[in-house]
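1. pasting the structure only:
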């Protein structure tokens, strides 16, 4: 049975862990991003009247920021219809649409500032990337409003792009340096009903990394030298996509590509493309992923490192990259129905994604860390490498990615098929999908007990519930009667004739788990991470002011008490336990022959979910704990 | 009693640990660097006839490379006089001298390529830096040959610089972005006998970091914005030098500055300048120095990190920076006579410096690592970040630094005063200094027993022998009679009337020592380093092929056997001991709940000196060993 995401507007989440974020996005994050797009000139750029000497010179990637906010506003409009907000949205869209050239080309930088450079550098000029985000925005706007103006403009743009690029005679070969349009063209095909756009996506996927390499030709034209293998890997253009086996280069580009490949594999059934997706999935998740689901460890080139290169302090691990993991995971889940993809989706969403934005909705991490202590530089504010979340960035992809991703959490958590509904992540809320209307209750991910009540009488349907990979013990009952179906791909499937008032109860045992990294991950040697359910836990200064976590040891027999977290949203579960502490060295002693000494007695420690760190003032943080 | 370096030509070292390197420099490294300077156009640039379109466009820092090779050849000529080599040296010098402008300005790039940009950008254009290295080369050439042509040219250049820069009316304020000329002007003052040059050095030292900041003015002129605090720190121009307390910014620049400050403090007796040197010394050595003596952990900006930021895998720790530590340490030793400076000098020389060059003399590290494993990138060859030593670099400061530093090892190891000789590092050899001619025997640093035989009859003199800070037990005897003088600043002073044939024997107990880092150094948490004498030991693949050092544990009760190292220079002492090994995880398991398991039994491990790693083929290496 083939499942697809539940419709965004039919999942109304209520559990604060996620619904709080979705609502803050509506109230704070989207307005704040609109304001920044206004202030920085991003909207103004579509007037195409910037002249040298004027402030706020447009930038080649600005359109993508605007597009992502528009896309987010459109989703948000489906969840929180608002006439005033809608008027604003319409106005922005009209401005964007009005900026299109006669031939359909729509790009505020290359239409307004350097028209002679159109398509000059596919590797770095982000035109197809911006086009992709605009197409996604247009599809979302059409879905939210039914208005065709933006969609029609983007179809004209796509038609024009299709007339330029391809293998057919008279067309130019070339693929984007920053992938994204592949996914977008598939959405455009769906929303417009025109399969030509999917064909164009196929072209962009299939021609990447083939020889003669179009990036080499372009680079020779621009700088007289072909690309280095290093740069080709940065763009995932070192091999044809079906021959790629290792996740390399720019992490966001890579995962956007893999998501596009998965999208096409799903649509075309191409077995070689699916095999490549599966191989790349293994490369990402088995060798290059942080425990939180974050990826892309290396700052230079925003890049994947070698397998097992996962440092904790000086990291990159861009917030956008975490979101892109969800895009890939969700598509692999749609193709295969295998719960292992939902496991990674859930872990990434609940840790790497949500930690990228503050609870107040105003502040964002670009780079994400797993260890913040006195040795980590704090002079890089404003560069994206900051140790604190910031309001905006010169390249502000991460804030705008949250605008568009947060409203989609519901549709990433529930699925539907012709036969019924699947609960991938049992966040509480009301969901209509696959002919079933349900109300899900419970405090997941803090509480493993989930009750599902049927609100309608859909008759014979299948309700599938995921038993997470992290869960060792679970019970399931229908109307009070325990049942234990064999799992299919990690899902318990309940097929029966459902009626309103039927109640399903799933209890997932959720002990605190100690997790160890492969010894190849040298940054985690001799250390232990704490997880409970899908959540990764960390120590931070707010709960133990002034403590130097590098001197803290987690005893192998420590016991954990669940307590309410302080000054975090109601319901947040913290872990309290007794640790040991090493004596400090005198500050002037850098090396010595006397080994560190453990202090007598214990220290009381409190760990909170990684997703919520950095919301209670400046301080230190540590995920992997030294063990004794 | 005031000591100064022994004269370079009066220290003839014979112990292979260092004499092998000095001889290889003569036979291999200097010729190889000359060839590279020829091939790359660095010598040709002094013809000032490069035109656009021609190959090998000169570069702003090329003169410094040439100067350092000329300086090294001059020292080398004092140790290994060679008529053919001398002719070559004279010819190169004539070419350089002939390139001087009428006003004395001498710079192959700005005289030949962009004359209109002279002094345009003191922050980044390296003119005063190149001038400094040329001055040092001219001083060395004069000392080696007695020929005045280069010296005179550089005095003219210095006169011209003095006419341009300073606080006097009609002069321009400005200090170099890359320090070096401060040291060089002091040498020029000594060799020329003209104190004006020392005054100019004082100006460059004293005007750095003062307000209004000349770098701000320059930056506003060039880019309309003042420097960021980050960039001012990069150049150590954030505060007047006497107010600087933390070592920041580009590590080589910083240590060149501190060396120049120490040189001037020594000459002028300025107490505030000496205090600043002492404070900065503490910052470097107590918070920012690797165990090997290496410094400058951060690649971006070749920079010092925060205190205790000393990662082992992705490091910078430039070879030039290690050499610059020796320059500073030796000057602080000259001022204070305190053996603690010799301790750092010795540790840095014997580890961080000598590891930067291969035993074959052909290959160099730019960046130095302390942990090389499967996770460390290996695709950066040719960039300076390589995991293997390379023959040359686009910016080839490190190879040329070895050319000039290696011949000076003897004069860094022995000192003289009006009253006698001081042995700072007892490398075997024949030394004439302070009126005493001695023959030093022993295998130091592999053997702690050193015998000193008087070769002349100097009468009443003081022979001082350093008792290293790492040494807990030592015995000293004169002509077979044990004596135990109280130590002065870490030195045992023997004052008597000496005669030929007198024999002093110093025995330094040299057990294997376990060393632990301050817990703030999180990269070393739970790990132990092995040292013996001044040498840091490491595991490398050549001695235990295929072993994954991240799974190796050093038991707290391990015993060490001294064995001859395999395929390393005769006399090299290796350490053999029994370690434990953890089971590997299956490669596809990145995280799991079962803790790592220790294998039964032990594994035999062999550690070699860090200075010699990477000379026996490609492989992995590890300095800090996990402990059990």
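-> Nice, thanks for sending it over. Since this is a predicted model, take the numbers as computed values, not measurements. Residues are numbered from 1 along each chain as shown, chains lettered A, B, ... in the order given.
2. how near is the closest residue to residue A:44 other than its chain neighbours to chain B?
-> Using Cβ to Cβ, 6 or more residues apart in numbering or on different chains and skipping residues adjacent in sequence, the residue nearest residue A:44 is residue A:56, 6.7 Å away. In short, each C-beta sits where N, CA and C put it, glycine included. Distance from residue A:56 to chain B, counting by Cβ to the nearest Cβ, to the nearest Å: 16 Å.
3. List the contacts of residue A:56.
-> A:40-41, A:44-45, A:50 (Cβ atoms under 8 Å, 6 or more residues apart in numbering or on different chains).
4. again, but for residue A:599
-> Residue A:599 neighbours (Cβ under 8 Å, 6+ apart): A:580-583.
5. Residue A:299 too?
-> A:314-316, A:367, A:385.
6. Tell me if I'm right that residue A:402 and residue A:319 touch.
-> Yes. Contact criterion Cβ atoms under 8 Å: residue A:402 and residue A:319 qualify, at 7.4 Å.
7. Touching both of those two, which residues are there?
-> A:356-357, A:364.
8. Wait, a helix at residue A:538?
-> No. Residue A:538 is assigned strand when assessed by DSSP: H, G, I helix; E, B strand; the rest coil, not a helix.
9. Check the burial of it by counting its neighbours.
-> The local packing of residue A:538 (other Cβ atoms under 10 Å in any protein chain shown) involves 28 other residues.
10. So what pairs up with it in the strands?
-> residue A:608 (DSSP bridges).
11. Let's see the pLDDT reported for it.
-> With respect to pLDDT, residue A:538 scores 98.
12. list the contacts for it?
-> By Cβ under 8 Å, 6+ apart, the neighbours of residue A:538 are A:370, A:607-610, A:613, A:621-623.
13. and if you look at residue A:608?
-> Residue A:608 touches A:537-538, A:540, A:543, A:565, A:568, A:572, A:574-575, counting by Cβ under 8 Å, 6+ apart.
14. mind redoing it with 7 Å?
-> Contact analysis of residue A:608 by Cβ atoms under 7 Å, 6 or more residues apart in numbering or on different chains lists A:537-538, A:540, A:543, A:565, A:568, A:572, A:574.
15. Considering the residues you listed, which possesses the most neighbours?
-> Ranked by the number of neighbours (other Cβ under 10 Å), those place residue A:538 first, at 28 neighbours.
16. how near is that residue to residue A:292?
-> Distance, residue A:538 to residue A:292, by Cβ to Cβ, to the nearest Å: 9 Å.
17. what is in contact with those two at once?
-> residue A:610.
18. While we're on the residue in the stretch 1-150 of chain A that chain B sits nearest to, how confident is the model there?
-> Proximity of the stretch 1-150 of chain A to chain B (Cβ to the nearest Cβ) peaks at residue A:53, 12.6 Å away. Note for residue A:53: predicted pLDDT of 91.
19. Count the neighbours of it for me.
-> Neighbours of residue A:53 using other Cβ under 10 Å come to 6.
20. And for residue A:587?
-> Using other Cβ under 10 Å, residue A:587 has 12 other residues around it.
21. Am I right that residue A:549 is in contact with residue A:540?
-> No. Look at residue A:549 against residue A:540 with Cβ atoms under 7 Å: they stay out of range, at 8.6 Å.
22. would residue A:506 count as being in a strand?
-> Yes. Assessed by three-state DSSP, residue A:506 belongs to a strand.
23. Without its sequence neighbours, what residue ends up closest to it?
-> residue A:450 (4.7 Å).
24. how near is the one you found to residue B:356?
-> Distance from residue A:450 to residue B:356, counting by Cβ to Cβ: 60 Å.
25. In terms of neighbours, single out the busier of those two.
-> residue B:356 (27 against 21).
26. Excluding residues flanking it in the chain, which one is nearest that one?
-> Residue B:356's closest residue in space is residue B:319 (Cβ to Cβ, 6+ apart), at 3.2 Å.
27. Run a quick neighbour tally on the one you found.
-> 27.
28. so it makes contact with residue B:354?
-> No. Here residue B:319 does not reach residue B:354: they are 9.8 Å apart, not a contact under Cβ under 7 Å.
29. In the stretch 151-300 of chain A, which residue sits closest to chain B?
-> For the stretch 151-300 of chain A, Cβ to the nearest Cβ, closest residue to chain B: residue A:286, 4.7 Å.
30. Contacts only, for that residue.
-> B:588, B:590.
31. Residue A:103: what secondary structure?
-> Applying three-state DSSP: residue A:103 is coil.
32. That'll do, ta.
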